[in-house]
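Q: Structure of the sequence below:
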Amino acid sequence: MSSVSSWLLAITGVILLSVLCEMILPEGQINRYIRVIFSFITIFVIIAPLPKLIGKEIDFSHLFSSYDSSLQEDYLYEINLNKLDAITNDLQKEIERQGIYNVSISISANALSKELEIFSVSVDLCDIEFSSDFDNKNTLGAKEKIDEIISYMPSLKDVPVDYSG
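A: A predicted model of the protein is given here:
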């Protein structure tokens with residue numbers, strides 16, 4: 001089969017498929033969208049052999065590469081923010097489980113990198129409260145306990161801790 005006849009067969013097939021879909025689908029918004037989609041497909045099938053006739057290949061990959069990378073960056077950013085929130089929540093819960101309350105925790109990190117880079121942990125002890133079963137009810141004892149908790153968290157190991165309050 002020659003390339004011209006296969007091209008005409010492809011055009012006929014797309015048009016027949018679009019007519020069949022138009023007959024099957026009910027009138028309304030979806031039918032209009034399907035017509036538009038099949039119109040684009042038909043135009044693409046009609047112009048597809050033109051680059052071969054001209055003798056040049058067209059590379060469409062550059063059209064989508066920047067779009068894909070921006071999607072990946074947004075996705076990585078969201079994942080890193082979720083990790084950061086999970087680490088902060090886990091740390092907060094563990095500190096409260098140990099009997100130390102009203103401690104404000106802030107983690108400084110780069111959420112735009114491929115891997116979450118944590119720079120430091122800031123702990124605000126201004127409004128600190130202790131449970132009745134906490135052993136050493138002063139800020140020095142709380143700092144030691146918080147340092148111990150942070151040292152056991154793999155993502156916060158070797159991260160500097162700044163205290164205020």
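Q: tell me which element E22 falls in.
A: helix 3-24 (DSSP states H and E).
Q: Would you mind measuring from T139 to W7?
A: Counting by Cβ to Cβ, to the nearest Å, the separation of T139 from W7 is 80 Å. The way it works is simple: take the backbone N, C-alpha and C, and place the C-beta from them, glycine included.
Q: Break the chain into its domains for me.
A: Domain assignment for the chain by automatic domain parsing gives 3-58, 69-164.
Q: Can you pull the phi and psi angles for the closest residue to S164 other than its chain neighbours?
A: Using Cβ to Cβ, 6 or more residues apart in numbering and skipping the chain neighbours, the partner closest in space to S164 is D124 (5.2 Å). Main-chain torsions, D124, degrees, to the nearest 10: phi -100, psi 120.
Q: In this structure D124 contacts S104, no?
A: Yes - here D124 lies in contact with S104, judged by Cβ atoms under 8 Å, at a distance of 3.8 Å.
Q: helices and strands around the helix holding E22, which ones?
A: The contact analysis (3 or more Cβ pairs under 8 Å, 6 or more residues apart in numbering; DSSP states H and E) places helix 3-24 against helix 29-47.
Q: how about the helix it packs on: buried residues?
A: Neighbour counts using 16 or more other Cβ atoms under 10 Å place F38, T42, V45 of helix 29-47 among the buried residues.
Q: How about the second one: what's its closest non-neighbour residue?
A: By that I understand T42. V14 (5.1 Å).
Q: again with L17
A: For L17, ignoring the flanking residues on the chain, the nearest one in space by Cβ to Cβ, 6+ apart is F38 at 7.3 Å.
Q: contacting residues around the helix holding E22?
A: M1, N31, I34, R35, F38, S39, I41, T42, V45, I46, A48, P49 (Cβ atoms under 8 Å, 6 or more residues apart in numbering).
Q: Could you pull out the buried residues of it?
A: When burial is assessed from 16+ other Cβ under 10 Å, helix 3-24 yields the following buried residues: V14, S18.
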